[in-house]
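Enquirer: Sequence first, predicted model second:
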Amino acid sequence: MRIGCITYSYRGEISSAEDTLKALVEDGLSEVELMDGPIRAFANIAGGRGQPPPTEEQREAQLARCAELRKMYNDAGVNIHIHKMPFGASDEAIDFNFRIAKALGCTGITLERSEAMARRLAPFAEKHKVWVAFHNHTDNVPRMDGGDPILEISPFIGFNLDIGHYFAGTKGKSPIPVLEKYHDRIVSLHLKDRTADGQNLPWGQGGTPIKEVLRLMKQERWTFPGDIEVEYKIPPGSSAVSEVAKCVRYCREALA
């Protein structure tokens, strides 16, 4: 079983790659979906529109820093299985994002579900052999009535399945049939607890069948990671690191 977290869980409290790594190690995690902030800061990659495109020499230096970032994490026992850095508009910028993924050791890149982006990114994904993992919210969940057309675009198009959003978006349907149907096209999961009416709650207080999903993953020996995402409000007196640790314990108890 591969349990990690998306670093969005630490939002507002931790921003650097070094401090993010410390938090992951403190929480006892060896897998991570790394958001773009720590990557950009560590590798000196500018963000936002209006920035001049970097030269190839600058890009090579940035990729070298990404390789250093990977080594720093790997040396601490943490694998960066996915990154989430927005794609630029040009072919060069898109290609560079895939090169970043390879330098970090990622198997995929996550972004919000879009058929237009799937068609745009498919040739690059096939070239680099890096997955494009589309994330669902409540209103764009994977199709269950037949095959999902977004998967037909390329064998390197898959799902970053958010089971909490699925549960809320379908007004309480279990995500387990989605895993059973599409497990060979799931790149990673987002684990969170929501109610059928859309609330985000501490784990165990909502209705999302997190324990059942984890047990099914273990039973079927599926190798895609399940990433903790703390999206509920941090309680007074606690911290994001502490709340992620609670979720880690929840996973361990479910799998015991």
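Expert: Cool, got the structure. Numbering: from 1, shown residues only.
Enquirer: Run through the strands of the stretch 151-256 of the chain in chain order.
Expert: Secondary structure of the stretch 151-256 of the chain by DSSP state E, counting those that start in this stretch: the strands cover 157-162, 186-191, 193-194, 200-201, 226-228.
Enquirer: Look at D145 and report its pLDDT.
Expert: Here the pLDDT value assigned to D145 is 94.
Enquirer: just the one 10 residues further on next, same as before
Expert: Model confidence at P155, expressed as pLDDT, equals 98.
Enquirer: How about the contacts made by it?
Expert: Under the criterion of Cβ atoms under 8 Å, 6 or more residues apart in numbering, the contact partners of P155 comprise E126. Backbone N, C-alpha and C define where each C-beta goes, glycine included.
Enquirer: do T7 as well
Expert: Contacts of T7 were listed using Cβ under 8 Å, 6+ apart, and they are 14, 20, 32-35, 37-38.
Enquirer: before we move on, what about G172?
Expert: 196, 207.
Enquirer: Please apply the same query to F134.
Expert: Taking Cβ under 8 Å, 6+ apart, we find F134 in contact with 110-114, 118, 150, 157-160.
Enquirer: Could you give me the PyMOL selection string for whichever of these are buried?
Expert: With 16 or more other Cβ atoms under 10 Å as the criterion, this PyMOL line picks the buried residues out of the contacts of F134:
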select buried, resi 110+111+113+118+150+157+158+159+160
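Enquirer: Dump the contacts of F134 to a markdown table, plus distance to A64.
Expert: As requested, those are arranged in a markdown table below (distance: Cβ to Cβ, whole Å):
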| residue | distance to A64 |
| --- | --- |
| T110 | 24 |
| L111 | 25 |
| E112 | 30 |
| R113 | 32 |
| S114 | 31 |
| A118 | 30 |
| I150 | 34 |
| I157 | 29 |
| G158 | 29 |
| F159 | 32 |
| N160 | 28 |
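Enquirer: Tell me how far A46 lies from L111.
Expert: 19 Å (Cβ to Cβ, to the nearest Å).
Enquirer: What of A118?
Expert: Plainly put, A118 is 10 Å away from L111 if you go by Cβ to Cβ.
Enquirer: Need the overlap of contacts for the two.
Expert: Residues touching both A118 and L111 (Cβ under 8 Å, 6+ apart) are 132, 134.
Enquirer: ok, C251 - how many residues close by?
Expert: Per other Cβ atoms under 10 Å, the neighbour tally for C251 reads 19.
Enquirer: any idea how far it is from D193?
Expert: Counting by Cβ to Cβ, the gap from C251 to D193 is 12 Å.
Enquirer: Quick check: neighbours shared by the two?
Expert: Both C251 and D193 are in contact with I210, where contact means Cβ under 8 Å, 6+ apart.
Enquirer: pLDDT value on G48, please?
Expert: The confidence metric pLDDT takes the value 68 at G48.
Enquirer: Now L34: which helix or strand?
Expert: When elements are assigned from DSSP states H and E, L34 belongs to strand 31-35.
Enquirer: now the angle from that strand to strand 157-162?
Expert: If you take axes from the mean of the first three to the mean of the last three Cα atoms, to 10 degrees, strand 31-35 sits at 100 degrees to strand 157-162.
Enquirer: Give me the packing partners of strand 31-35, helices and strands only.
Expert: Applying 3 or more Cβ pairs under 8 Å, 6 or more residues apart in numbering; DSSP states H and E, we find strand 31-35 packed against strand 3-6, helix 17-26, strand 79-84, strand 226-228.
Enquirer: Contacts for that strand, please.
Expert: Under the criterion Cβ under 8 Å, 6+ apart, external residues in contact with strand 31-35 comprise 2-8, 20, 24, 73, 78-85, 104, 110, 160, 188, 225, 227.
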